[in-house]
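*Asks:* the following block contains a protein sequence and its predicted model.
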Amino acid sequence: MSQASIQVKQYTPQIPLKLVKNNKEDKFADYQSLMDFDVASRPWRETLAHSFKTDKELSKVFGNINPVEEDVYKVIATRITPYIAQLMDKDDQACPIRIQYVPEQNEMDVAPQEMGDQLAEDDMMPDGTSIVHRYPNRVLFLVHNICGAYCRHCTRKRMVSDPLNVISMERIRKSVEYLREHPEVQDVLLSGGDPLLLTDDKLDQVLSMIREARPDLKILRIGSRLPTQLPTRITPELCQILVKNRVTLLNTQVNHPKEITPLFVKHMAMLRTSGIMLGNQSVLIKGVNDSVEVMRDLVMDLVSNGIRPYYVYSMDPAPGNSKFQVSYDRMLEIYHGIRGWVSGPAIPTFIVDGIGGLGKMPVQPEYVRKQVIDGETKLLATNFEGRNADMSFLLGE
Ligand code: SF4
């Protein structure tokens, strides 16, 4: 469905106002006071406490902030850390960082194909747990429903930032018991919300419980966007906890090269030197990274800093996401535009996540294909420049 043909309607969320409580003295009076705020030297929690949570706070500091109604914050709360705010253009609404975080009234415009749980995660959650068991040998384990900042394109906006959806310790315990009872699970991905928003002690507790129940787990992964939202969350103490609990890999979400800052690079290097593999999962977002040039720069900058560009996701149809949707054809063009032009290790897999819980499926132009020519089946291969080779010798035994 093309962007132009999507019909939208107003969305009326039936849930209480999400977390928009504010502490007035923490906020910035103007742009200069924001830019003077030294993120690098402050404890991460102190920086987090200075986050922007409403359009009114943003409009004191930035130009061209459109006012929104309070109901918008029921779709997804706003939280923008000072670190993210410092990356945002002061006035330009087309800034790729602003697009990802600054709320607009159109959060409530919902297209017919959009739904709260489009990946049917709730249906695949064993009773009492916060585990999504979709694939035979690996599970998603939701450990928190709060994030360092809230992305307008979030897949799980049905639950993140929702005070009614807090993940209790009881659910976490039941989830760990589930892992104990299912030895076929060999790969656990902690996600949420953001697992790294847990305190060090709580994160250590959860990881230790998992390792105690399943010392044989082959892979223990964490998905976190905090490295791009507040890199100072990565501390030597956090790295020790991850190493102690044998966390294999941390996947983050960088969507634009502007997010690869010296502070981000410095703190991701702490994880790398601790021996933790690093990956990135971008989301293809209209106006942010739906360009061959941006995507080439992004994947090369990631690899040059030791972060593997792992997946590029199409936009999941969560409520209000159609405004960011990039078409399938454009997705193929972008893939084609980077293949051959960037290093092999920098090429991510482009993915659609099948609605209804079908799981992830790769999207690829057909570079190698069977074709019947003059009644004879041939195997044709087309390279990144559009040049063809007849590879029919591969059709034999
Ligand atoms: S950090 Fe992840 S879970 Fe949180 S709002 Fe962004 S996309 Fe959603």
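*Replies:* It's in.

*Asks:* pass me the low-pLDDT residue ranges in this structure, would you?
*Replies:* For the chain, the stretches flagged by pLDDT under 70 are 1-26.

*Asks:* next, count neighbours for the closest residue to Ile355 other than its chain neighbours.
*Replies:* Spatial nearest neighbour of Ile355, excluding adjacent residues (Cβ to Cβ, 6 or more residues apart in numbering): Gln118 at 5.0 Å. In this view, the C-beta of every residue, glycine as well, is placed from N, C-alpha and C. Residues lying near Gln118 (other Cβ atoms under 10 Å) number 21.

*Asks:* surely Gln118 touches Pro317?
*Replies:* Yes - with contact defined as Cβ atoms under 8 Å, Gln118 reaches Pro317; the gap is 5.0 Å.

*Asks:* mutual contacts of these two, please.
*Replies:* Applying Cβ atoms under 8 Å, 6 or more residues apart in numbering, one finds that Gln118 and Pro317 are jointly contacted by Ile355.

*Asks:* hmm, back to that, residues contacting the residue nearest to Ile355?
*Replies:* Contacts of Gln118 were listed using Cβ under 8 Å, 6+ apart, and they are 155, 316-318, 355-356.

*Asks:* quick one: it from Cys147, how far?
*Replies:* 19 Å (Cβ to Cβ, to the nearest Å).

*Asks:* just Val61 next, same as before
*Replies:* Per Cβ to Cβ, Val61 is found 21 Å from Cys147.

*Asks:* please apply the same query to Met331.
*Replies:* 26 Å.

*Asks:* again with Arg330
*Replies:* Distance, Arg330 to Cys147, using Cβ to Cβ: 28 Å.

*Asks:* compare the two (neighbour count), which wins?
*Replies:* Per other Cβ under 10 Å, whichever of Arg330 and Cys147 has more neighbours is Cys147, with 23 against 18.

*Asks:* was I right about Leu220 contacting Arg246?
*Replies:* Yes - the pair Leu220 / Arg246 is scored as a contact, 6.3 Å apart, by Cβ under 8 Å.

*Asks:* compare those two (neighbour count), which wins?
*Replies:* Neighbours per residue (other Cβ under 10 Å) separate Leu220 from Arg246, with Leu220 holding more: 20 against 15.

*Asks:* kindly report the residues of the stretch 101-250 of the chain close to the ligand.
*Replies:* Contact residues, the stretch 101-250 of the chain versus the ligand (Cβ under 6 Å from any ligand atom): 147, 150-151, 154, 156, 160, 192-194, 225.

*Asks:* report how many residues lie close to the nearest residue to Gln105 once chain neighbours are set aside.
*Replies:* Once flanking residues are discounted, Gln105 sits nearest to Val68: 5.0 Å by Cβ to Cβ, 6+ apart. With neighbours defined by other Cβ under 10 Å, the count for Val68 comes to 19.

*Asks:* ditto for Gly306
*Replies:* Number of residues near Gly306 (other Cβ under 10 Å) recorded here: 14.

*Asks:* and for Lys370?
*Replies:* Counted with other Cβ under 10 Å, Lys370 comes out at 11.

*Asks:* now it, what's its secondary structure?
*Replies:* strand (DSSP: H, G, I helix; E, B strand; the rest coil).

*Asks:* who's in contact with it?
*Replies:* So Lys370 contacts 377-380, 395 (Cβ under 8 Å, 6+ apart).

*Asks:* again with Asp194
*Replies:* With contact taken as Cβ under 8 Å, 6+ apart, Asp194 is in contact with 144, 146-148, 224-226.

*Asks:* which non-adjacent residue is nearest it?
*Replies:* Using Cβ to Cβ, 6+ apart and skipping residues adjacent in sequence, the residue nearest Asp194 is Cys147, 4.5 Å away.

*Asks:* now swap in Arg339 and tell me
*Replies:* Of all residues not flanking Arg339 in the chain, Phe384 sits nearest, at 5.1 Å (Cβ to Cβ, 6+ apart).

*Asks:* and the one you found, how many neighbours does it have?
*Replies:* 13.

*Asks:* now the strands for this structure?
*Replies:* With DSSP state E, the ranges of strands along the chain come out as 9-10, 109-110, 131-132, 138-142, 187-191, 219-223, 249-252, 277-283, 308-313, 349-354, 359-363, 368-373, 376-382, 388-390.

*Asks:* including distance to Asp38, could those strands go into a markdown table?
*Replies:* A markdown table is the format used below for the strands of the chain (distance: least, Cβ to Cβ, whole Å):
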| stretch | distance to Asp38 |
| --- | --- |
| strand 9-10 | 42 |
| strand 109-110 | 38 |
| strand 131-132 | 39 |
| strand 138-142 | 34 |
| strand 187-191 | 31 |
| strand 219-223 | 27 |
| strand 249-252 | 23 |
| strand 277-283 | 26 |
| strand 308-313 | 31 |
| strand 349-354 | 38 |
| strand 359-363 | 40 |
| strand 368-373 | 53 |
| strand 376-382 | 52 |
| strand 388-390 | 57 |
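
*Asks:* geometric centre of the protein: which residue is closest?
*Replies:* Centroid-nearest residue in the chain, with Cα atoms, centre = their mean: Gln253, separated by 4.4 Å.

*Asks:* from Asn251, how far off is the closest residue to that residue other than its chain neighbours?
*Replies:* Counting by Cβ to Cβ, 6+ apart, the nearest residue to Gln253 once its immediate chain neighbours are dropped is Arg225, at 4.7 Å. The gap separating Arg225 from Asn251 is 10 Å, by Cβ to Cβ.
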